[in-house]
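1. Here's my sequence, what's the structure:
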Amino acid sequence: MQNLAPIALFVYNRPQHTERTVKFLQQNKLAADSRLYIFSDGAKTPNDEEKVNEVRSFIKTIEGFKSVKIVESKTNKGLANSIIEGVTYLNQNYGQVIVFEDDLITSPHTLTYFNEALNIYRNEDKVMHIGAYMYHLKEENLPESFFYRAATSWGWATWQRAWQHFEPNIDTLLAQFNTRKIHEFSIEGTMNFWKQMQDFKRGRNNSWAIRWYASIFLKGGLTLNPSQSLVNNIGHDGTGVHSGINDIYNVIINPKPITNFPKQIEEDKKAYAAIKNFLAGRKGSLWTRIKRYVKEKLIK
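-> Down below sits the predicted model:
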């Protein structure tokens, strides 16, 4: 596996999360042979400067990779602009990229999974995205990896050939949807993907991820995913700019490598059904939702 993809790591103002993310990345089997690019966004407010500087002091000490290049922004670009710029830059220079944010812990096999999949599906235009995170699915007879329509954003990879179809303009995206497409896009109404699109239009979120998924969906693309997650998000503790406090999406990371990849380039119906069932019931009973709401308010 000579053609290893560069790793893009996007950091901001969470030094402890960043250290854990890097520690787990360093334990990956391909870390020492991989180029790491760290994109450090500038402080949004004077209150963030101390933490941003703390993160920047730490990332200057990072070792254990083939090379480490740090890109510091003097201004605050925001996560969406940072990711779009960084991913575009690395795709243009390397033709492929692996992407992490500062709150993701990985399996020692995560980089191997990404690079193998990038090589296997390099010339399959329909495959546009490789995700490493997966919900805790109850279905036990799923393949190790499968194709699905939606793109997860907690650890992912793509190629320049796919990323060139990323459409940042929300109006251009919205204009291509009809009632049937909205239904399919939102996993038959079990996930608020369409609401995320509308919220972006109204200025209520600044999500690059929903626009990337929409770009893939409208091109008829597919995403590769593991049936047991290779990544867990440790950012749902109230420290993240874009995440709340909850444990709905916590998973146990798969300790084994992925050795089987689908040969048929089509959405896995059993996996789709398992994901739809998870999404439909993910928030639990009314009592469970009330307890979670109270817990979040108390922590805040």
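
2. how about the lengthiest helix in the chain as CSV, C-alpha atoms only?
-> Ranked by number of residues, the top helix in the chain under DSSP state H is helix 79-94. Extracted C-alpha coordinates of helix 79-94, given in CSV (Å, rounded to 0.1, in the frame of the first residue of the first chain):
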residue,chain,number,x,y,z
LEU,A,79,-15.2,24.9,10.7
ALA,A,80,-17.1,24.7,7.4
ASN,A,81,-14.7,27.1,5.5
SER,A,82,-11.7,25.5,7.1
ILE,A,83,-12.7,22.0,6.0
ILE,A,84,-13.7,23.0,2.5
GLU,A,85,-10.4,24.9,1.9
GLY,A,86,-8.2,22.2,3.5
VAL,A,87,-9.9,19.3,1.7
THR,A,88,-9.8,21.1,-1.6
TYR,A,89,-6.1,21.9,-1.2
LEU,A,90,-5.1,18.3,-0.3
ASN,A,91,-7.2,16.8,-3.0
GLN,A,92,-5.7,19.1,-5.6
ASN,A,93,-2.2,18.2,-4.5
TYR,A,94,-2.6,14.5,-3.7
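
3. can you give me the helices in the stretch 101-250 of the chain?
-> Remark: helices of the stretch 101-250 of the chain, listed N- to C-terminal, are 110-120, 160-163, 170-174, 179-185, 193-201, 208-218; assignment by DSSP state H, counting those that start in this stretch.

4. that older thread, for the longest helix of the chain, which positions count as buried?
-> Within helix 79-94, the residues scored as buried using 16 or more other CB atoms under 10 Å are 79-80, 82-84, 86-87, 89-91, 94. C-betas here are computed from N, CA, C, even on glycine.

5. Equivalent analysis for stretch 251-262, please.
-> By neighbour count with 16+ other CB under 10 Å, stretch 251-262 contains the buried residues 251, 253-254, 258, 261-262.

6. returning to that earlier point: which residues are contacting the longest helix of the chain?
-> Residues outside helix 79-94 that contact it (CB atoms under 8 Å, 6 or more residues apart in numbering): 5-6, 8, 10, 12, 37, 39, 41, 71, 73, 77, 97, 99, 101, 158-160, 163, 166, 168, 206-208, 241-242.

7. Buried members of those into ChimeraX, please.
-> This is the ChimeraX syntax for the buried subset of the contacts of helix 79-94, where burial follows 16+ other CB under 10 Å:
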select :5,6,8,10,12,37,39,41,73,77,97,99,101,158,159,160,163,166,207,208
